[in-house]
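J.: sharing a sequence plus its predicted fold:
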Amino acid sequence: MDIGYTIPVLDHGYVKLIGSMGTDETIIEAARMSTNKGFEGWEKDAKLLEFLYRNGHMTPFEMCEIAIEVQLPIFVVREWHRHRTQSYNEMSARYTQMPDLHYLPDPKRIQKQSKTNKQGSAESVDELRAKEILETLAFEQKTVYSTYDDLVEEGIAKEVARINTPVSRYTKMRAKMNLRNAFGFLNLRKPSSAQWEIRQYADAFGTIVEAIWPRSYALFEEHTLGGLKLSATELKLVQTHFSMSQGGKKSDTVDHEATKLALRKLGI
């Protein structure tokens, strides 16, 4: 993938590749330092790469790094910055005038608050109401930016003029991380439990990561993103359930509700 490759996200955002270090082969070479050997070909080393990932030997994956530039709404930056294992440098509104770019979602994204998830969304509102809300948001964004722009033109310090900046305004940042931490970010931000907007950025970022490290990304999808982790208690409940279903000795101490949850987690 070429440096500068850019994937558009949302209405004004993007994820751009700034640079990367290492390949799938680099991970094998790093792992083989202990035996003073190098990459020996994928017919043999594909199994080693999977062994490393499946068993949590992640230090070799840290030998690969990626740097990206991202243009995104401020509220998405706040979520992204929670991943403290990355290095960041964001455009400063103290030094430069912020762009007149604001995020306006698709009408279908105007959703009601979920009644079962305090930080989630539920069904979309009707088309007419969505249009009214978007018109209100657009008007407020335009008004706030107009005031900000006038203050900057007047010579008011940018760090003061920006005070009423809404979280819908776009900013830019660069982020750098190793491959292990890239997978950690993607594991939290690609699933449906993450907020919709940051999922769009995670999907774009994942596309870039996959292009650079296709074998490692396939293992990430297989064992992490599409895999499943059970606690020791859940595993014991599932084992007991299958033992009983095959004619094993029944137990009166089994927590049936917990067993149902564990089975549901397995999709059974």
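T.: Looks like it arrived, so ask away.

J.: contacts only, for the spatially closest residue to E65 that is not a sequence neighbour.
T.: The shortest distance from E65 to any non-neighbouring residue, by Cβ to Cβ, 6 or more residues apart in numbering, is to M21 (4.5 Å). Any C-beta I mention is one placed from the backbone N, CA and C, and that applies to glycine too. If a contact means Cβ atoms under 8 Å, 6 or more residues apart in numbering, then M21 has 64-66 as its contacts.

J.: which parts of the stretch 101-250 of the chain are strands?
T.: Here the stretch 101-250 of the chain has its strands, by DSSP state E, counting those that start in this stretch, at 111-113, 121-124, 170-178.

J.: tell me which of those is the most buried.
T.: strand 170-178 (a mean of 19; mean count of other Cβ atoms under 10 Å).

J.: elements contacting that strand?
T.: Helices and strands touching strand 170-178, by 3 or more Cβ pairs under 8 Å, 6 or more residues apart in numbering; DSSP states H and E, are strand 65-73, helix 74-80, strand 87-90.

J.: if you set the cut-off to 10 Å instead, what comes out?
T.: Applying 3 or more Cβ pairs under 10 Å, 6 or more residues apart in numbering; DSSP states H and E, one finds that strand 170-178 contacts strand 13-21, strand 65-73, helix 74-80, strand 87-90, helix 179-189.

J.: in its sheet, what does that strand sit against?
T.: strand 65-73 (antiparallel), strand 87-90 (antiparallel) (DSSP bridges).

J.: any idea of the angle that strand forms with helix 179-189?
T.: 130 degrees (axes from the mean of the first three to the mean of the last three Cα atoms, to 10 degrees).

J.: returning to what we had before: weakest of the strands of the stretch 101-250 of the chain by average pLDDT?
T.: Per-stretch mean pLDDT for those is lowest at strand 121-124 (a mean of 86).

J.: ok, residues contacting that one?
T.: For strand 121-124, the external contacting residues (Cβ atoms under 10 Å, 6 or more residues apart in numbering) are 106-116, 130, 195-196.

J.: please redo it, this time with the cut-off set to 8 Å
T.: So strand 121-124 is contacted by 107-115, 130, 196 (Cβ under 8 Å, 6+ apart).

J.: can you tell me which of those residues lies nearest to L235?
T.: Nearest to L235 among these, counting by Cβ to Cβ, is S114 at 30.2 Å.

J.: what's the burial count for the closest one?
T.: Neighbourhood size, S114 [other Cβ atoms under 10 Å]: 12.

J.: just checking, it touches G120?
T.: Yes: using Cβ atoms under 8 Å, S114 makes contact with G120 at a distance of 3.9 Å.

J.: out of the strands of the stretch 101-250 of the chain, which is closest to H83?
T.: Sorting the strands of the stretch 101-250 of the chain by Cβ to Cβ, the top spot, which is the nearest, belongs to strand 170-178 at 7.8 Å.

J.: which stretches of the stretch 151-268 of the chain have low pLDDT?
T.: Residue ranges of the stretch 151-268 of the chain with pLDDT under 70: 245-256, 258-259, 261-268.

J.: also the stretch 1-150 of the chain?
T.: Using pLDDT under 70, the stretch 1-150 of the chain has no residue that qualifies.

J.: residue boundaries of the helices in it?
T.: 24-31, 42-54, 74-80, 127-154 (DSSP state H, counting those that start in this stretch).
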